[in-house]
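Visitor: just coords:
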């Protein structure tokens, strides 16, 4: 029997049964069913609402005119006002707190990232005696609680006459931020090929020139993550700032917020308004470095 005959017989059988050929469509691995897509979008929506709720709640409480409105949030709808923001901006040392916070945070960011970058690059590229133990020593410094560190640090700063100074607080914050950032940047520098360093030496660059002119531009995502961590560490810290800053004109935001809390009272509406205003510079800094944050976090963790 020929091929033509077989084909005609199959066509005749399909016509007799009234069924048409329906080719099976295989689902690709990258494709998901409608139920899976709806489920994932639903979970993401719920997670987003959970993450946004504290922020929305804080903004909502900041619009209440009374300090006890948090006990009866329903009353805020009919009495919303911006008086809390006006009071914070005009009747408190808000701008002094802002200046102090930016000086300390940006100082910690610049000095901390510079030290962490040079440390991470040296450990990544140079094999000097004890380089592995050195990194573990940095890691061990993160194991001590703040309560244990405050007294010796206070004595050291007192002997150096750095109590109630921005520089003293910056150095304290660097002692916290540098070890983590050094580990982070060391892992990121490990992902940069050694051939780039060799090419720099061939062109006549010194090790420091290679680091500055070739490596740092490639490590921009990692530097952005380290800068963001250093900034946040200094901007929101309370214990060290409360202990080492004595002049109310040098208070940072974290210390300034305590002025709204007394022994028998707490002006929570003013605290909420101040917290919303505090979030603005942090959000601006995050916006500047957000493009490099994901790249820096993922690449920095590929090699130990």
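Guide: In hand now; what should we look at? From a predicted model like this one, the values you see are computed outputs, not experimental measurements.

Visitor: Residue 142 against residue 179, yeah?
Guide: Yes. Using C-beta atoms under 8 Å, residue 142 is in contact with residue 179, at 5.6 Å. Where you see a C-beta, it was placed from the backbone N, CA and C, and this is true even at glycine.

Visitor: So for those two, which residue has more residues nearby?
Guide: residue 179 (20 against 10; other C-beta atoms under 10 Å).

Visitor: check contacts around the more buried one.
Guide: Applying C-beta atoms under 8 Å, 6 or more residues apart in numbering, we find residue 179 in contact with 138-139, 141-142.

Visitor: Among those, which are located in strands?
Guide: Using DSSP state E, no member of the contacts of residue 179 falls within strands.

Visitor: who wins for neighbours among the residues you listed?
Guide: Highest neighbour count within these, by other C-beta under 10 Å: residue 138, with 20 neighbours.

Visitor: Show the model's pLDDT score for the residue nearest to it when sequence neighbours are not counted.
Guide: Counting by C-beta to C-beta, 6 or more residues apart in numbering, residue 179 is the residue found nearest to residue 138 once chain neighbours are left out, at 4.0 Å. We have a pLDDT of 89 for residue 179.

Visitor: Could you measure from residue 228 over to residue 47?
Guide: 22 Å (C-beta to C-beta, to the nearest Å).

Visitor: between these two, who's got more neighbours?
Guide: residue 228 (22 against 10).

Visitor: Work out for me the element the more buried one sits within.
Guide: Element membership for residue 228, per DSSP states H and E: helix 220-235.

Visitor: Just the mean pLDDT for that helix, thanks.
Guide: Mean per-residue pLDDT for helix 220-235: 88.

Visitor: tell me which residues in it are buried?
Guide: Neighbour-count burial for helix 220-235, counted by 16 or more other C-beta atoms under 10 Å, picks out 221-235.

Visitor: Show me which of those residues is closest to residue 192.
Guide: residue 222 (9.4 Å; C-beta to C-beta).

Visitor: follow-up on the earlier one: surely the residue nearest to residue 138 forms part of a strand?
Guide: No. Read with DSSP: H, G, I helix; E, B strand; the rest coil, residue 179 is helix and lies in no strand.

Visitor: So it versus residue 221, what's the distance?
Guide: According to C-beta to C-beta, residue 179 and residue 221 sit 20 Å apart.

Visitor: Over to residue 148?
Guide: Relative to residue 221, and taking C-beta to C-beta, residue 148 is found at 34 Å.

Visitor: I'd guessed residue 61 sits against residue 270; true?
Guide: No. Using C-beta under 8 Å as the test, residue 61 is too far from residue 270 to be in contact (10.5 Å).

Visitor: Now the element after the helix or strand bottoming out on mean pLDDT in the chain, going C-ward?
Guide: Across the helices and strands of the chain, mean pLDDT, DSSP states H and E gives its lowest value to helix 3-17, namely a mean of 49. Later in the chain than helix 3-17, the nearest helix or strand by DSSP H and E is helix 34-62.
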